[in-house]
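S.K.: Kindly generate the corresponding structure for this input.
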Amino acid sequence: MSFIQSLGIIQYPLWIVLILTLIQTVRCTAALVRREDAGSPLRSHSVLVLGALGACLGILGSLIGVRVTAGAIVDAGQVSAAVAWDAVGLAVGPSIFGFFVLGLASVAWLALQYAAGRASR
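M.R.: The predicted model follows:
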């Protein structure tokens with residue numbers, strides 16, 4: 001199973017948040033280049049908010065994955081420790097992806113803040 005498949009049903013909202021983050025970053029960059037609303041922090045702060053939403057969705061996906069994993073282990077009865085830890089490892093995939101979105105958004109936000117500060121001088 002690939003990493004993308006292991007994300008489960010929560011991958012679709014995570015992809016949407018990632019795409020929205022990238023779109024908003026491009027829009028903010030274009031506005032700074034054209035010198036439109038260079039001083040408006042709301043536009044660039046939305047990038048960081050989308051990143052935080054991605055992290056929250058990732059944690060939610062991991063919690064759902066751990067719950068499903070725990071239910072499957074209980075239903076199966078005896079499961080080896082290796083299989084159980086493999087399932088838990090798959091369950092943390094959405095958190096990894098969510099924090100990747102947050103990291104990407106944070107770096108973009110810092111760059112936009114720097115560029116906006118330079119443009120306002």
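
S.K.: Excluding covalently adjacent residues, which one is nearest to residue 46?
M.R.: Excluding its sequence neighbours, the residue lying closest to residue 46 (Cβ to Cβ, 6 or more residues apart in numbering) is residue 24, at 5.5 Å. No exception for glycine: its C-beta is placed from N, CA and C like everyone else's.

S.K.: for the strand or helix carrying that neighbour, packing partners?
M.R.: Using DSSP states H and E, residue 24 maps to helix 11-33. For helix 11-33, the elements it packs on are helix 41-76, helix 93-120, judged by 3 or more Cβ pairs under 8 Å, 6 or more residues apart in numbering; DSSP states H and E.

S.K.: Could you save those as a markdown table and add columns showing distance to residue 30?
M.R.: Below are those laid out as a markdown table (distance: least, Cβ to Cβ, whole Å):
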| stretch | distance to residue 30 |
| --- | --- |
| helix 41-76 | 10 |
| helix 93-120 | 11 |
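
S.K.: Mind putting the ones you listed into TSV with mean neighbour count, mean pLDDT and distance to residue 86?
M.R.: As requested, these are exported to TSV (neighbours: other Cβ atoms under 10 Å; pLDDT from 0 to 100; distance: least, Cβ to Cβ, whole Å):
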stretch	mean neighbour count	mean pLDDT	distance to residue 86
helix 41-76	17	91	10
helix 93-120	18	92	12
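
S.K.: of all those, which lies closest to residue 17?
M.R.: The closest of the helices and strands packed on helix 11-33 to residue 17 is helix 41-76. By Cβ to Cβ, the value is 4.3 Å.

S.K.: about what we covered before: give me the buried stretch members for the helix holding residue 24, please.
M.R.: Residues of helix 11-33 classed as buried by neighbour count (16 or more other Cβ atoms under 10 Å): 11, 13-14, 17-18, 20-22, 24-25, 28, 31-32.

S.K.: Does the residue nearest to residue 46 touch residue 50 like I think?
M.R.: Yes. Assessed by Cβ atoms under 8 Å, residue 24 is found in contact with residue 50 at 6.3 Å.

S.K.: Might you report the residue contacts of the closest residue to residue 45 other than its chain neighbours?
M.R.: Leaving out its chain neighbours, the residue that sits closest to residue 45 by Cβ to Cβ, 6+ apart is residue 109, at 7.4 Å. Contact analysis of residue 109 by Cβ atoms under 8 Å, 6 or more residues apart in numbering lists 44, 45, 47, 48, 51.
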